[in-house]
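**Student:** show me the folded form of this:
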Amino acid sequence: MGQSQASVEAEALRTQLIDWRRDFHRHPELAFQEHRSAEIVANALSELGYDIETGVAGTGVVALLRGAQPGPVVMARFDMDALPVLEANETDYTSQNQGVMHACGHDAHMAIGLGVATLMAQHRGEFAGTLKLVFQPGEEGGNGAEVMVEEGVLQNPRPDVVLVSHVWNEMPVGRIGVTEGAIMAAAERWRCTVRGRGGHGAMPHLAIDPIVAASDIVTSLQTVVTRNVSPLETAVVSVGSFHAGDAFNVIPDHVDLSGTIRTYDAQVREVVLRRLRELIECIAVAHGASADLEIEHLTPAVVNDAEVTRVVRAAAEAVVGPENVLRGERTMGSEDAAYFTREVPGCYVFLGSANPERGLDAPHHNHRFDFDEDVLPIGVALMVEAIQHYL
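**Tutor:** From the prediction side, this is the model:
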């Protein structure tokens, strides 16, 4: 890690950061059930002198620290929820909540958030402006950020900048990915029921087979991207489930399909949604069947503001050195932090956290997910460097 002042101060917190992280990891909580985590966070922030609001979006915590002089408002987001995953790791901090696991690194995010809070409180008399720390529930599919926005988290005071970081096992520890523009995809969930007419498997001519129609749909959906989206753009259309029938000699009367759509660009998204609907409905009709399609919008794309990204990149270079700051790190995964970054100029950063030599490189959401805890002081130092630039 670099030798910026923030790096030195963050390194001094290493033992505390690890203790926080491992305690959160032992006691994971699902979306909107983060009561223990929120209580620990709120108590720690209150002891540091922050003004606390609890119960935002159910279990969220919002904390304000005002500097010695007026100035800009900087918001930093840290998510808290875990996943319904049975942990397979055997460590002294393995989950004690059977079937629930911090399999994405939000335990690290809470520890980093408390580390940032600690260092910024020590410098309270030196900065001008307001620090707004948001500990968010329900990121894992619950759109907790959207709920917090609806409940006014971007008001009183309204932030001028929003900063978000995420430990990232796709990169080795010591690297930081800082990229301007769209870096995480907009996400949709779609469900479809293809309806035919059931019949005897030995007499298919008397039925309208929804399995054949649905199979044709699955195959044809691959052309939504390959033949409708420019090769210079990107999109994903995936079928995640296909359920039909329950007897070997019976043609069922319907098939249920579901899947996901991921896009960066709004115009590409509209093309993909239109072609998905056209193909599903027209192919069903061509087979004499029908199709009921439902598309549910989940999150917008996460788009990093160019100027904020420039500031955060400089902060990252101060912490880990320019040679360890990567440009171009993107993913077709989605993140509800998009509800913050579409309202306020912001930057979402990937913190390299993998260490293959120690076996700490399982992917996110895997039952063996774990990461190199060296990322904790790096994450704190990065946030503090960026925050201090504005304040």
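
**Student:** contacts only, for residue 217.
**Tutor:** 192, 194, 257, 279, 280, 283, 284, 291 (C-beta atoms under 8 Å, 6 or more residues apart in numbering). Glycine gets a C-beta too; all of them are placed from N, C-alpha and C.

**Student:** part of a strand, is it?
**Tutor:** No - under DSSP: H, G, I helix; E, B strand; the rest coil, residue 217 sits outside any strand and is assigned helix.

**Student:** residue boundaries of the helices in the stretch 151-300 of the chain?
**Tutor:** 210-220, 222-226, 266-286 (DSSP state H, counting those that start in this stretch).

**Student:** export these to JSON lines and tack on distance to residue 135 and mean pLDDT?
**Tutor:** JSON lines is the format used below for the helices of the stretch 151-300 of the chain (distance: least, C-beta to C-beta, whole Å; pLDDT from 0 to 100):
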{"stretch": "helix 210-220", "distance to residue 135": "41", "mean pLDDT": "98"}
{"stretch": "helix 222-226", "distance to residue 135": "37", "mean pLDDT": "97"}
{"stretch": "helix 266-286", "distance to residue 135": "30", "mean pLDDT": "97"}
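
**Student:** which stretch among the ones you listed is buried most, on average?
**Tutor:** helix 210-220 (a mean of 20; mean count of other C-beta atoms under 10 Å).

**Student:** next, the angle helix 266-286 makes with that helix.
**Tutor:** 150 degrees (axes from the mean of the first three to the mean of the last three C-alpha atoms, to 10 degrees).

**Student:** show me the strands in the stretch 101-250 of the chain, by range?
**Tutor:** Under the criterion DSSP state E, counting those that start in this stretch, the stretch 101-250 of the chain contains strands at 128-136, 161-172, 176-177, 181-184, 186-195, 199-200, 235-244, 250-251.

**Student:** adding distance to residue 368, write the ones you listed out as a markdown table.
**Tutor:** What follows is the strands of the stretch 101-250 of the chain, written out as a markdown table (distance: least, C-beta to C-beta, whole Å):
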| stretch | distance to residue 368 |
| --- | --- |
| strand 128-136 | 26 |
| strand 161-172 | 11 |
| strand 176-177 | 23 |
| strand 181-184 | 24 |
| strand 186-195 | 25 |
| strand 199-200 | 46 |
| strand 235-244 | 22 |
| strand 250-251 | 41 |
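
**Student:** for residue 104, which of the ones you listed is the nearest?
**Tutor:** Nearest to residue 104 among the strands of the stretch 101-250 of the chain is strand 161-172; the distance by C-beta to C-beta comes to 8.4 Å.

**Student:** okay, the angle between the closest one and strand 128-136?
**Tutor:** Using the same axes, to 10 degrees: strand 161-172 against strand 128-136 is 60 degrees.
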